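>>> Quick one: sequence plus predicted model below, questions after.
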Amino acid sequence: MVVDWQTDYDRSERFMPEIKYILGNYLLRSPSVIEDQMYCMDLHLEQLKRGSICCRVRRSDAWQYRHQFTLISRRVSGAETELSKIMRGYGDLYFYGIADSADVSIAHWIIGDIDAFRNWYSQFPAELINLYFRDILNKYDRKSWFKAFPWVKIPGFLRACSEYSDEIVEVSD
């Protein structure tokens with residue numbers, strides 16, 4: 001099945017209400033009584049440096065890889081990728097989910113700190129990146145490649161998740 005950009009975008013948009021709900025629970029908190037009384041604060045929003053949250057929801061067949069997240073690393077068209085945008089400094093948080101088997105709800109999710117990822121990823125020598133993290137062909141569009149990253153091994157990355165297990169499974173083609 002080859003998926004074009006619009007089809008992929010429309011699929012992602014279908015999950016946005018649920019993503020907003022999850023992020024709202026994470027990014028919003030009730031203020032203290034003093035904050036409410038002194039500052040007219042009924043909700044407190046966590047501050048983000050750039051105010052940017054990257055979001056991705058994979059299909060349910062990625063369940064076995066739930067301890068990893070992926071970033072598009074190369075495109076046939078030569079268009080800039082998620083990975084290059086992140087390494088150029090864009091994005092504060094990364095919401096990464098895996099859909100249920102009906103592809104209508106999010107079965108598993110993590111919220112990661114992109115600065116922690118950038119710091120971790122930049123420690124690998126550029127000439128060895130593809131040895132550590134190989135490009136994997138996207139089986140749905142067959143026009144892009146991604147790299148898989150073990151979020152459980154990135155210091156300071158995990159900010160919140162739906163569930164956690166110590167089991168780590170490596171991605172395969």
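On my side now, so go ahead.
>>> if I pick residue 36, what's in contact with it?
Residue 36 is in contact with residue 42, counting by C-beta atoms under 8 Å, 6 or more residues apart in numbering. Every C-beta, even on glycine, is put in place using the N, C-alpha and C of the backbone.
>>> which SS class is it?
What DSSP: H, G, I helix; E, B strand; the rest coil gives for residue 36 is helix.
>>> State the distance from it to residue 96.
Distance, residue 36 to residue 96, using C-beta to C-beta, to the nearest Å: 34 Å.
>>> Strands of the chain, residue ranges please.
Assigned by DSSP state E, the strands in the chain fall at 28-29, 44-45, 53-58, 69-75, 93-99, 106-113, 136-137, 144-149, 158-161.
>>> Check the gap between residue 47 and residue 92 for me.
For residue 47, the distance to residue 92 (C-beta to C-beta) stands at 9 Å.
>>> neighbour-wise, which of these two wins?
Between residue 47 and residue 92, counting by other C-beta atoms under 10 Å, residue 92 is the more crowded of the two (16 against 8).
>>> so where is the protein shaky, pLDDT-wise?
Residues of the chain that meet the criterion pLDDT under 70 lie in 1-4, 164-173.
>>> Could you check the longest helix seen in it and say which residues are buried?
Longest helix of the chain, by residue count under DSSP state H: helix 16-27. Across helix 16-27, burial judged by 16 or more other C-beta atoms under 10 Å covers 18-19, 22-23, 27.
>>> Can I get the residues you listed in JSON lines including distance to residue 124?
Shown next, in JSON lines, are the buried residues of helix 16-27 (distance: C-beta to C-beta, whole Å):
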{"residue": "18", "distance to residue 124": "34"}
{"residue": "19", "distance to residue 124": "30"}
{"residue": "22", "distance to residue 124": "30"}
{"residue": "23", "distance to residue 124": "29"}
{"residue": "27", "distance to residue 124": "30"}
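>>> Pick the most buried one from the strands of the chain.
Comparing the strands of the chain by mean neighbour count (mean count of other C-beta atoms under 10 Å), strand 93-99 ranks first with a mean of 23.
>>> Taking strand 144-149 as reference, get the angle to it.
100 degrees (axes from the mean of the first three to the mean of the last three C-alpha atoms, to 10 degrees).
>>> Can you spell out which helices and strands pack onto strand 93-99?
helix 16-27, strand 53-58, strand 106-113, helix 114-121 (3 or more C-beta pairs under 8 Å, 6 or more residues apart in numbering; DSSP states H and E).
>>> Right, I'll call it a day here.
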